[in-house]
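**Q** Next input, structure requested:
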Amino acid sequence: MSRFPLFALPLVLAPGAALAQQSDAGDAALEELLRRQDAAAETPPPAPPASFPASRQAAESPVITVTARGLPSTLASSGQAVTVLERDEIDAVQGADIVRVLRRVPAVTASRSGPVGAFTSLSVRGAPGDQLLVLVDGVPVRDVAAPAGGFDFGTLVPGTIGRIELLRGANSVIWGSSAMAGVMEITTRTGPGLSASAEYGSRDTALVQARAGLQTGSLSAGVAGSWARSDGFSAAAAGTEPDGFSQRAVAGTATLELSPTLELFAQGRLARGRLGIDGFPAPAFTLADTDEVQRTTQRSGTIGASHYGTDLTVQVSYAAAHTGRVNRAGQADSATLFASTGESDRLLLRGEYRLIGGLGLAFGAEREWSRYRTQFDAGARTAITGAYVQAGWVLGALAAHAGVRLDDHRRFGRAWSFGGDVAYRLSPDWRVRASAGEGFKAPTLFQLFSAFGNPALLPERSTSYDLALEHGRADGPFFASAGVWRRDAADLITFASCTSFDPPLCATRPFGSYRNTARTRAQGVELQLQARPAAALSLGAVYAFTDAVERPDGAPDRTPRLARQPRHALTAFADWTAPGGLTFSGDVRLVGDSFDDARNAVRLDGYALVDLRASLPLTGTVELFGRVENLFDAANVTVAGYNGTPRGVFAGVRLRR
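**A** As a prediction, this is how the structure comes out:
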């Protein structure tokens with residue numbers, strides 16, 4: 001694979017700071033340090049109107065990104081494409097469906113096999129869902145036992161989420177395996193005080209969520225929980241029996257400040273869910289109603305320590321994640337149809353050393369062990385070790401970074417990754433940014449060692465580039481961005497059937513096996529706009545054009561589009577607050593046509609969804625809210641043979657103290 005001239009970029013690093021989860025005292029120190037380091041790189045814009053939401057007050061509190069560097073830094077000092085969704089925006093969208101929130105991020109589309117809770121894959125810039133690295137409080141939460149090792153967003157209910165950060169583009173230099181298309185960091189709700197909400201609506205759907213936090217002396221702690229249930233609707237388009245979903249989740253964080261520069265931290269999450277699913281019963285073996293039930297348990301957590309000083313920041317941590325699934329024919333005591341368990345453990349070191357002026361050096365190393373087993377095989381285990389270094393410099397209006405990483409996998413050997421980004425402020429209001437990066441994804445344990453496995457598999461690889469021009473700040477009263485991007489991927493792992501093809505492994509794998517054969521190219525345009533033309537009115541829109549195609553050997557005249565990748569996706573939203581505090585909001589989601597299969601034989605029609613919302617504060621602590629999802633009951637199928645989400649009406653109450 002070709003290497004781009006990263007080290008022609010200025011070797012620069014915006015001096016970073018501390019850990020992601022901190023006490024109030026730690027947060028103040030971090031923000032002060034970041035404000036000082038950014039002072040030379042940019043001229044602060046005028047303060048936004050007093051009516052602008054507190055979470056958007058950019059002049060005093062710079063927006064922090066973790067996905068760009070692995071440790072906190074400011075968005076303004078990064079040349080990468082990062083979008084941050086804060087808790088107030090998650091609350092404003094309302095509901096248990098995390099996909100409705102993520103529609104506000106450009107170049108993000110979702111595919112779901114039925115109602116809320118069903119398997120949901122998130123595509124970023126035309127890449128399959130398993131090429132997105134998902135972390136909860138810094139812990140990778142991919143399903144190690146799944147064939148492709150992706151994360152199921154159907155298991156993620158927003159109740160315990162305080163913040164979502166998404167980096168679009170390869171970033172394996174910092175994050176290692178699976179960061180081929182992007183990195184999503186999900187942060188647990190924290191902060192002192194109490195809040196709770198409850199809602200009920202269509203299809204006997206209920207959602208209850210609550211949070212409590214305290215700050216006392218050197219200790220900061222918080223816990224958040226949610227309970228969701230829905231009777232749902234038939235996942236199979238040909239079915240009539242509703243497929244319900246329920247989940248209980250709890251997450252907690254704690255930080256203990258031992259000194260002004262040393263902190264201990266711990267985070268954890270537990271979620272248990274139950275989902276009715278449809279299958280392919282005999283004798284027709286076509287998608288239809290079944291009594292099958294899937295139960296999923298997810299556990300993840302991390303403990304560690306952070307030292308943050310004037311010149312050196314160091315963080316060490318241990319993290320673990322577990323995903324267990326059991327499919328039964330019906331009730332809890334019925335026959336087990338399938339069961340799997342995937343687990344991982346990780347030791348991690350990250351640090352940043354600030355040299356003279358704006359020059360700095362980031363570094364890190366990690367060791368991850370993973371293992372899986374299923375009902376039908378004994379499973380396997382492996383390990384991967386990685387280390388990286390990233391240099392950088394902030395000089396006046398310029399900030400840039402370049403880094404390299406080496407990973408050593410127990411099974412396939414070594415993998416190198418390179419990456420860099422640059423941002424330049426043309427004026428107080430205009431900024432240009434660019435990035436280039438490599439990503440890789442190690443073969444999953446299932447792809448290597450299952451009955452369909454191939455121990456000779458190589459890692460999947462990608463190289464991505466993007467360039468954007470921005471006006472204003474994403475957290476300010478006005479923001480506009482126009483960008484272009486491209487990603488080339490090679491050695492992608494596909495399944496080869498022995499009935500249509502005769503690979504060498506057919507002698508021992510008569511039903512087929514995995515192999516490195518596919519090559520793809522995705523490129524596109526991203527447009528964003530956020531504005532507050534009046535104190536009571538805010539507007540926003542994100543649009544993406546995505547051209548994602550296969551690149552088979554021989555370069556035929558017509559290359560097939562990648563499955564379930566629409567070329568056009570637009571979300572427009574508006575919020576208006578009337579006198580008296582009553583707020584009306586609406587989102588319009590337009591998605592173009594796509595294909596369900598690699599041969600482009602099965603078309604998925606585009607669709608338009610309209611959501612309307614309203615909220616009314618009764619007191620300073622009590623708020624009523626309600627919404628209508630899919631107002632015009634439009635068809636919105638994202639996986640062939642499965643139903644889309646019909647119209648729904650919901651109402652609830654929210655309490656804050």
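
**Q** Give me the distance between the residue lying closest to R168 once chain neighbours are set aside and A569.
**A** Closest residue in space to R168, ignoring its immediate chain neighbours: A81 at 4.4 Å, by Cβ to Cβ, 6 or more residues apart in numbering. C-beta here means a position set from N, CA and C on the backbone, and glycine is covered the same way. Here A81 is placed at a distance of 16 Å from A569 (Cβ to Cβ, to the nearest Å).

**Q** show me the contacts for the spatially most central residue of the chain.
**A** Central residue of the chain (Cα atoms, centre = their mean): M184, 3.0 Å from the mean position. Contacts for M184 (Cβ atoms under 8 Å, 6 or more residues apart in numbering) come out as T67, L122, L132, L133, V134, L135, I164, E165, L166, L167.

**Q** cool, and V82?
**A** Applying Cβ under 8 Å, 6+ apart, we find V82 in contact with T65, T67, A68, L75, E165, L166, L167, R168.

**Q** Inside helices: which ones of these?
**A** Applying DSSP state H to the contacts of V82, no entry is found in helices.

**Q** hey, where'd the helices end up in the stretch 51-200 of the chain?
**A** Here the stretch 51-200 of the chain has its helices, by DSSP state H, counting those that start in this stretch, at 87-93, 98-102, 172-175.

**Q** Just name the most buried of those helices.
**A** Ranked by mean neighbour count, the helices of the stretch 51-200 of the chain are led by helix 172-175 with a mean of 27 (mean count of other Cβ atoms under 10 Å).

**Q** thinking again about what came up before, verify the stated contact: the residue nearest to R168 with V484.
**A** No. Counting by Cβ atoms under 8 Å, A81 stays clear of V484, with 10.8 Å between them.

**Q** joint contacts of those two?
**A** In contact with both A81 and V484: D466, A468, E526, using Cβ under 8 Å, 6+ apart.

**Q** Could you single out the nearest of these to R656?
**A** Each of the shared contacts of A81 and V484 was scored against R656 by Cβ to Cβ, and E526 proved nearest at 34.1 Å.

**Q** Could you find the closest non-adjacent residue to the closest one?
**A** Take E526 and drop its neighbours on the chain: the residue closest to it by Cβ to Cβ, 6+ apart is P106, 4.2 Å away.

**Q** shaky segments in the stretch 351-500 of the chain?
**A** Of all residues in the stretch 351-500 of the chain, those with pLDDT under 70 make up the ranges 500.

**Q** Where do the strands of it begin and end?
**A** Ranges of strands within the stretch 351-500 of the chain are 359-374, 377-395, 398-409, 413-425, 430-441, 460-472, 478-496, based on DSSP state E, counting those that start in this stretch.

**Q** Could you do the stretch 1-150 of the chain as well?
**A** 64-65, 73-74, 81-86, 108-112, 120-124, 132-136, 139-140.

**Q** Okay, angle between the longest one and strand 478-496 too, please.
**A** In this case it means strand 81-86. 110 degrees (axes from the mean of the first three to the mean of the last three Cα atoms, to 10 degrees).

**Q** try the fourth one
**A** Strand 108-112 and strand 478-496 are oriented at 50 degrees to each other (the same axes, to 10 degrees).

**Q** List the residues that contact A266.
**A** Contacts of A266 by Cβ under 8 Å, 6+ apart are T253, A254, G301, T302, I303, G304.

**Q** try 6 Å this time
**A** Neighbouring residues of A266 by Cβ atoms under 6 Å, 6 or more residues apart in numbering: A254, I303.

**Q** my read: T261 touches G309, true?
**A** Yes. Using Cβ atoms under 6 Å, T261 is in contact with G309, at 5.1 Å.

**Q** Show me the beta-bridge partners of the residue lying closest to H471 once chain neighbours are set aside.
**A** Excluding its sequence neighbours, the residue lying closest to H471 (Cβ to Cβ, 6+ apart) is A480, at 4.5 Å. Using DSSP bridges, the bridge partners assigned to A480 are H471, L529.

**Q** how many other residues sit next to A480?
**A** Residues within reach of A480, counting by other Cβ atoms under 10 Å, total 17.

**Q** That one contacts L469, doesn't it?
**A** No. Contact criterion Cβ under 6 Å: A480 and L469 do not qualify, at 8.8 Å.

**Q** Give me the distance between R461 and G95.
**A** For R461, the distance to G95 - Cβ to Cβ - is 38 Å.

**Q** Compute the distance between the nearest residue to I161 once chain neighbours are set aside and S300, please.
**A** Closest residue in space to I161, ignoring its immediate chain neighbours: I186 at 5.8 Å, by Cβ to Cβ, 6+ apart. From I186 across to S300, the span is 10 Å (Cβ to Cβ).

**Q** pLDDT score for the nearest residue to S497 once chain neighbours are set aside?
**A** The shortest distance from S497 to any non-neighbouring residue, by Cβ to Cβ, 6+ apart, is to G512 (4.2 Å). pLDDT for G512: 89.

**Q** Can you give me every residue that contacts G512?
**A** F452, F495, A496, S497, C498.

**Q** List buried residues within the residues you listed.
**A** Among those, those buried by neighbour count (16 or more other Cβ atoms under 10 Å) are F452, A496.

**Q** Dump the contacts of G512 into TSV; add distance to I384 as well.
**A** Formatted as TSV, the contacts of G512 follow (distance: Cβ to Cβ, whole Å):
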residue	distance to I384
F452	22
F495	23
A496	25
S497	29
C498	30
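
**Q** just the contacts of G512 now: which is nearest S417?
**A** Nearest to S417, judged by Cβ to Cβ, of those is F495 at 26.0 Å.

**Q** Give me the distance between the closest one and L347.
**A** 33 Å.

**Q** just S195 next, same as before
**A** 35 Å.

**Q** neighbour count winner among those two?
**A** S195 (19 against 15).

**Q** What does the pLDDT read for the more buried one?
**A** We have a pLDDT of 94 for S195.

**Q** how far away is it from D575?
**A** Distance from S195 to D575, counting by Cβ to Cβ: 20 Å.

**Q** re the thing from before, tell me if I'm right that the residue nearest to E526 and V525 touch.
**A** No. At 9.2 Å, P106 does not count as touching V525 under the criterion of Cβ under 6 Å.

**Q** Of the two, which one has the most company?
**A** P106 (28 against 15).

**Q** ok, which pair from the contacts of M184 is furthest apart?
**A** Between any two of those (Cβ to Cβ), the greatest distance is 14.9 Å, for T67 and L122.

**Q** Count the residues that sit near A482.
**A** 15.

**Q** separation between it and L529?
**A** Distance, A482 to L529, using Cβ to Cβ: 10 Å.

**Q** likewise Y607?
**A** Applying Cβ to Cβ, one obtains 22 Å for the distance of Y607 from L529.

**Q** What residues sit buried inside stretch 650-657?
**A** The neighbour-count check on stretch 650-657 (16+ other Cβ under 10 Å) flags F650, G652, R654 as buried.

**Q** Looking at those, spot the one nearest G364.
**A** R654 (39.6 Å).

**Q** what's the pLDDT at that closest one?
**A** 96.

**Q** same check, this time on D557
**A** Reading off the confidence values, D557 has pLDDT 57.

**Q** ditto for L349
**A** L349 is given a pLDDT of 98.

**Q** What of Q57?
**A** For Q57, the model assigns a pLDDT of 32.

**Q** got it, and T74?
**A** pLDDT, T74: 86.

**Q** Was I right to think it contacts A68?
**A** No. Judged on Cβ under 6 Å, T74 makes no contact with A68 at a distance of 9.2 Å.

**Q** between these two, who's got more neighbours?
**A** Between T74 and A68, counted using other Cβ under 10 Å, the more crowded position is A68 (27 against 23).

**Q** is it true that that one touches Q80?
**A** Yes. Here A68 reaches Q80: they are 5.1 Å apart, a contact under Cβ under 6 Å.

**Q** Low-confidence bits of this structure, can you list those?
**A** Along the chain, segments meeting pLDDT under 70 span 1-61, 332-333, 500-503, 553-558.

**Q** same thing but at 80, please
**A** For the chain, the stretches with pLDDT under 80 are 1-62, 331-334, 357, 475, 499-504, 552-558, 657.
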